[in-house]
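Colleague: Pasted the sequence and its predicted model underneath.
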Amino acid sequence: MALAVISSSCEKTKPACAVPLQALVKVNFYQVDTNGLEYGVLLPNAYIGAAGNDSLYAKGVANMGGVALPLEPGTGEVRFFIRTDSTAVTDTVRFTYTQELKFISNACGYTYFFNLNAAGAAGTAIDSVKIVKADVNNTSNDQNVKIYYR
Amino acid sequence: MLRYITASALAIGLLVGSQAAKAAGADSTRVHHLRLGIDASRFIMNAATGRQTYEAAADYDFKRDLSAVLEGGWGRDEVNYDYLKYSSSGSFIRLGIDKSLFTPEAGNDYDKVFVGLRYGLGLMKRGEANYTIYDDYWGPVNGTTPAKNFTAHWLELTGGISMEILHNVYAGWSIRGKWLMNKKAFNDLSPSLIPGYGRGDKATVFDFTIHLFYAIPFGKYPAKTAAKTK
């Protein structure tokens, strides 16, 4: 017991990682009223997937006002397909970015941070995409991107 | 009041006088000791943690209450988590001084309770690291970080006891607080083990030693030194 207490320098257990590792793009959905004022909107039954990935990232999520999207490491570009509900048209949101390998700690290992270079949209429901904070890391909850619906 | 002060002064005088006489008597037979030893706690910790560290020490009592200390050793460690795998190895020396807190009761009494200060220097290599970044959506990404050499500087405060258990054989223990002086050099993927210090990702660590020494008599204290000491 005494040895365990005073031997912190020798302790060797698999450490617990206490911080979120993955750097995700924090996206929120908006519309702009006739006066030019933006307000948040909820996607009633959101479906989100990505080109090159057979899995849906979000499947029928009700009342989605925002989402944290994972960028694909090593590619520099990713396209997400977004539907507001199961029967709605599919829009595409594209991000281009650079990545940086980041050491977090011995307990957590490495992760990637990203820097958004450009964002765009194709489809009928989404009007535009705006980058508000290009730095995508694991420490900030700040919004990175605004998606404006028509 | 005057009688009280006079009595107190007399008592203090007698006490100091008797201590000086005892010290002088003690020093007439007292010899310097060069002690060579090992830290036996490393073997216990090696078994408990899977690390390998080995440590030897030498000290020399250049004064009745002061010893110069040289410690050194070698260590190796492996990190083998599912997301990070690498090895670390290196060696170290520590230089310092121990001060005995009590006056020996006799010339051949070398038991001591001590406090000490150390400067540590470690040279180590963190091997090539293989990492995996887990991503629930895109899948895991594997990569490699090249090997890197590190130099560590640290300070230690220590305190403990040492007792003669057989003729010229000493055993004891110490506890130690250690402070890494160049923490910034270890901000990236650091060696998991700084030999002689402890975990490479910690700026402060606490440690202990269980030491075994063999003492080699190394010449008598000069009479002048004996008269001057306490």
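Modeller: Nice, thanks for sending it over.

Colleague: Which strand residues bridge the residue of chain B found nearest chain A?
Modeller: Nearest to chain A, among the residues of chain B, is residue B:198, at 2.6 Å (CB to the nearest CB). All C-beta spots, glycine's among them, are computed from the backbone N, C-alpha and C. According to DSSP bridges, the residues that bridge with residue B:198 are residue B:194.

Colleague: Am I right that it is in contact with residue B:205?
Modeller: Yes. If you go by CB atoms under 8 Å, residue B:198 and residue B:205 touch, sitting 3.8 Å apart.

Colleague: can you count the residues close to the residue of chain B closest to chain A?
Modeller: Residue B:198 has 25 neighbours, counted by other CB atoms under 10 Å in any protein chain shown.

Colleague: One more: residue B:182?
Modeller: There are 11 residues near residue B:182, going by other CB under 10 Å.

Colleague: who does the longest strand along chain B pair up with?
Modeller: Identified as the longest strand of chain B according to DSSP state E is strand B:148-166. Sheet pairing of strand B:148-166 (DSSP bridges) gives strand B:112-126 (antiparallel), strand B:169-180 (antiparallel).

Colleague: Need those in JSON lines (columns: mean pLDDT, mean neighbour count and distance to residue B:70).
Modeller: Compiled in JSON lines, those are given as follows (pLDDT from 0 to 100; neighbours: other CB atoms under 10 Å in any protein chain shown; distance: least, CB to CB, whole Å):
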{"stretch": "strand B:112-126", "mean pLDDT": "96", "mean neighbour count": "19", "distance to residue B:70": "10"}
{"stretch": "strand B:169-180", "mean pLDDT": "96", "mean neighbour count": "19", "distance to residue B:70": "15"}
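
Colleague: just to revisit the earlier point, might you calculate how far the longest strand of chain B sits from the centre of the chain?
Modeller: 2 Å (CA atoms, centre = their mean, to the nearest Å).

Colleague: same deal with stretch B:204-222?
Modeller: Stretch B:204-222 sits 9 Å away from the centroid of its parent chain (CA atoms, centre = their mean).

Colleague: Can it be said to contact chain A?
Modeller: Yes. Counting by CB under 8 Å from any CB of the partner chain, chain A has neighbours in stretch B:204-222: B:205-208.

Colleague: Would you mind listing the buried residues in stretch A:86-106?
Modeller: Applying a neighbour-count criterion of 16 or more other CB atoms under 10 Å in any protein chain shown, the buried positions in stretch A:86-106 are A:88, A:91, A:93, A:95, A:97, A:99, A:103-106.

Colleague: distance between stretch A:92-105 and the chain's centre?
Modeller: When distances are taken as CA atoms, centre = their mean, stretch A:92-105 is centred 10 Å away from the chain's centroid.

Colleague: Just give me the neighbour total for residue A:150.
Modeller: 10.

Colleague: Same question for residue A:26.
Modeller: 18.

Colleague: Would you map the helices across the chain?
Modeller: Because you didn't say which chain, this covers chain A. A:2-6 (DSSP state H).

Colleague: I was thinking of chain B, sorry if that wasn't clear
Modeller: B:2-29, B:41-49, B:223-228.

Colleague: Run through the bridge partners of residue B:84.
Modeller: Under the criterion used (DSSP bridges), residue B:84 bridges to residue B:131.

Colleague: For it, list the residues it contacts.
Modeller: Contacts for residue B:84 were tallied using CB atoms under 8 Å, 6 or more residues apart in numbering or on different chains; they are A:106, A:109-110, B:129-132.

Colleague: Distance check, it against residue B:140.
Modeller: Here the distance between residue B:84 and residue B:140 works out to 13 Å (CB to CB, to the nearest Å).

Colleague: With residue A:39 instead?
Modeller: Distance, residue A:39 to residue B:140, using CB to CB: 39 Å.
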